[in-house]
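> how would this look folded up:
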Amino acid sequence: MYPKSGLMYSFAAIAAVSIIAQADEAAAASTHIVRAGDTLWSISQTHNVSVAQLKASNNLSSDRLAIGQTLKLSGSAPSTVKPAATTATPGPGTVTTANLNMRLAAGTSHKVLVTIPKGKTLNPIQTSGAWTKVSYGGKTGWVHNGYLTTASVKPTTPSTMAPTTATTSKTTANLNLRASKSTNSSVLVTIPKGKSVTVLSIEGSWSHVKYGTKTGFVANTYLTKAASTPTTTPSQPVAPSKPAIKEESINQSYVTTANLNVRQGPGIGYALVTNIPNGTTVKATKQSGTWVYVTYNGKSGYVSTGYLKQTTTAPSAPVTPNAGDGGAGNESFDYVVNTPSLNVRASASTSSAVIGSVTAGQTLRVVQTSNGWHQIYVGNTTGFVAASYVKAVPKGSTTAPSGSSDGLAKSLAAIAVAKKYVGTPYIWASSNPANGGFDCSGLIYYAYNQAGYSVPRTNVATYWSGSYFGTQLSKTFVPKAGDLVFFENTYTAGPSHMGIMIDSDTFIHAGTYGLGYNTISKEPYWKSRVIGYKRP
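Below is the predicted model:
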């Protein structure tokens, strides 16, 4: 009997110790180890202790935390920040989430009066920091808030609680943080590639995020992952606003010049459909501004024309190509545009899509002529212009495009527009001063369109290789005010930067250090990277 009784006593003792140990573990909760995604605010909510007390208990002078850092949840904080005891507002009782020690006073060093089982309902009487005074089993004492279903004291700061569904994502490109869910809204800040942001909610193709001290909206496409959608998200996704640009039907084949995203609508704010590899031939059936509608592997959507190269379309009645470039091989004549602006089309028809334009005085490199149309070189591809708006002049009489007086006036007006924003910062992908600044091609787009020269928004490589702003002129060409200068191998290989000449040597541009001036002959960096000029 004695051995059996002793064995029974031992099991009972172990069970009692286990229960007490469980209660002490639940009640102590005096520290917290920082995990990924933790903030002082989230920790204060989890453990029902104010941010001020957390900072005071751990001698923190800022809100920065390190993963693995151990934080005290209670301690001898300075008297100036010690929370005063408050009386709880009468209301429904709270429920224990573990076997919980009731102590004589607020603190793990005080005597345990009784252990309250898990799942018991308690009525809060008073609170002090992370502790609540309650009554249970005829006794009154203090329990830790971390093991009650609700907190009996509302935190004093911040006034607005962050959603519990917030997650952390990283940017996959330099990304504009906007004031609202539209690419037309103002840019609050440009978030660098690879930076972490806190995703507060997802609203259609946009995410509401916090970066640093600023809160705004970014396109989901440029985040590594999407956060789970809070219950406050509208039941119907909010799509980007429809563009005001008229959509046209076209029938044109292109070759992609990079791995290219296909989107549900004509803009970067729309959701991603698929990706087309570099060098793939696609056929476009609709065009909306600088976006065209294509189909690839059974999936359809919009792609940016900035990463497409048009395939050559032969004239309806081709003839044998003439030898040489200018003058269609004629040794006596060059062909020069004889109208202020002449559309360059994808094929020899007025109903064909317009792929660019040439201006008065511009010398054309003619491939062949047929049925009243000249097939001309346009950068690295070809297009078609009506022969009736082109005149023959003695060969060599126009060694460089002279430009029209109207073209010169617009170029000078573009310089005046650019000068108004000298000193504004460089903002990636921006083409509007409302965003706080420009990138280099964005400045050209804005300045020339403001000056009355209609040109689409694209990148430096396309401005250089396409028909926009006239023909390519070599780097030995002596430029004038209003000519465009192009550079290569700056932040990436190939044509990658551009500016507007304000005389034969100085240009204005949106560079790394903001919108300002540089002089080619005095700065080896720029001089070594000039690839040529264009005269609008």
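> Let me see the confidence value for the closest residue in space to residue 468 that isn't next to it in sequence.
In space, and not counting its chain neighbours, residue 468 is closest to residue 455: 5.3 Å by Cβ to Cβ, 6 or more residues apart in numbering. Just so you know, the C-beta spots here come from the backbone N, C-alpha and C atoms, and that holds for glycine as well. pLDDT, residue 455: 86.
> same check, this time on residue 248
78.
> who does the helix or strand where it lies pair up with?
Using DSSP states H and E, the element containing residue 248 is strand 247-256. Partner strands and pairing direction for strand 247-256 (DSSP bridges) are strand 281-288 (antiparallel), strand 308-310 (antiparallel).
> lowest-confidence stretch among those strands?
strand 308-310 (a mean of 77).
> give me every residue that touches the residue nearest to residue 468.
444-445, 448-449, 468-469 (Cβ atoms under 8 Å, 6 or more residues apart in numbering).
> related to what we said a few turns ago, identify all contacting residues around the strand holding residue 248.
266, 276-288, 292, 294, 303, 305, 307-311, 313, 346, 353.
> Buried ones only from these, please, as a ChimeraX command.
Filtering these down to the buried ones (16 or more other Cβ atoms under 10 Å) takes a single ChimeraX command:
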select :266,276,282,284,286,287,288,292,294,303,305,307,308,309,310,313,346,353
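> shouldn't residue 294 be in contact with residue 287?
No - Residue 294 lies out of contact with residue 287 (Cβ atoms under 8 Å); the separation is 10.4 Å.
> Next, the contact list for the closest residue to residue 111 other than its chain neighbours, please.
The shortest distance from residue 111 to any non-neighbouring residue, by Cβ to Cβ, 6+ apart, is to residue 104 (4.5 Å). Going by Cβ under 8 Å, 6+ apart, residue 104 touches 110-111, 113, 141-142.
> for the residues you listed, which one is nearest residue 334?
Using Cβ to Cβ, residue 142 is the member of the contacts of residue 104 that sits closest to residue 334, with 96.3 Å.
> helices and strands around the helix or strand containing the closest one, which ones?
Assigned by DSSP H and E, residue 142 belongs to strand 139-144. Where contact means 3 or more Cβ pairs under 8 Å, 6 or more residues apart in numbering; DSSP states H and E, strand 139-144 is packed against helix 2-28, strand 100-103, strand 112-116, strand 131-136.
> among these, where is the model least confident on average?
Looking at the helices and strands packed on strand 139-144, the bottom one is helix 2-28 with a mean of 41.
> who does residue 368 bridge with?
With DSSP bridges as the rule, residue 368 is bridged to residue 375.
> Beta-bridge partners for the closest residue to residue 425 other than its chain neighbours, please?
Nearest in space to residue 425, with sequence neighbours left out and distances taken as Cβ to Cβ, 6+ apart, is residue 437 at 4.2 Å. Beta-bridge partners of residue 437, counted by DSSP bridges, are residue 432.
> which ones are touching residue 437?
Residue 437 neighbours (Cβ under 8 Å, 6+ apart): 421, 424-427, 430, 510, 514-515.
> between those, which has the most around it?
Counting neighbours by other Cβ atoms under 10 Å, residue 510 leads the contacts of residue 437 with 29 neighbours.
> host element of that one?
Per DSSP H and E: strand 506-511 holds residue 510.
> For the next helix or strand after that strand, which strands pair with it and how are they oriented?
Next helix or strand after strand 506-511 toward the C-terminus (DSSP H and E): strand 514-519. Each strand paired with strand 514-519, and its direction, by DSSP bridges: strand 506-511 (antiparallel).
> list the contacts for residue 337?
358-362, 364, 385, 389-390.
> Which stretches in this structure count as helices?
2-28, 40-47, 51-57, 405-419, 440-450, 460-465, 524-527 (DSSP state H).
> before we move on, back to that, in a markdown table: the strands paired with strand 247-256, plus distance to residue 490.
What follows is those, written out as a markdown table (distance: least, Cβ to Cβ, whole Å):
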| stretch | distance to residue 490 |
| --- | --- |
| strand 281-288 | 29 |
| strand 308-310 | 22 |
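> Which strand residues bridge the spatially most central residue of the chain?
Geometric centre of the chain, nearest residue: residue 175, 2.5 Å, by Cα atoms, centre = their mean. Under DSSP bridges, the beta-bridge partners of residue 175 are residue 191.
> Hmm, it is touching residue 218, no?
Yes - look at residue 175 against residue 218 with Cβ under 8 Å: they come within range, at 5.3 Å.
> thinking again about what came up before, most neighbours among the contacts of residue 455, which one?
Going by other Cβ under 10 Å, residue 444 tops the contacts of residue 455 with 29 neighbours.
> which ones are touching it?
414, 455, 463, 484, 498, 500.
> Now do the contacts for the fifth one.
Residue 498 sits next to 440-441, 444, 460, 463-464, 484-487, 509 when contact means Cβ under 8 Å, 6+ apart.
> now these as a markdown table including pLDDT?
Formatted as a markdown table, these follow (pLDDT from 0 to 100):
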| residue | pLDDT |
| --- | --- |
| 440 | 94 |
| 441 | 93 |
| 444 | 94 |
| 460 | 92 |
| 463 | 91 |
| 464 | 92 |
| 484 | 94 |
| 485 | 95 |
| 486 | 95 |
| 487 | 95 |
| 509 | 95 |
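> I'd like the residues you listed written out as TSV, with distance to residue 32 added.
Below are those laid out as TSV (distance: Cβ to Cβ, whole Å):
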residue	distance to residue 32
440	49
441	50
444	54
460	51
463	55
464	57
484	59
485	59
486	57
487	54
509	52
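> now for those, which pair is the farthest apart?
So, the contacts of residue 498 by Cβ to Cβ: farthest apart are 464 and 509, at 14.3 Å.
> where does the chain have its least confident helix or strand?
Counting by mean pLDDT, DSSP states H and E, the chain has its least confident helix or strand at helix 2-28, which shows a mean of 41.
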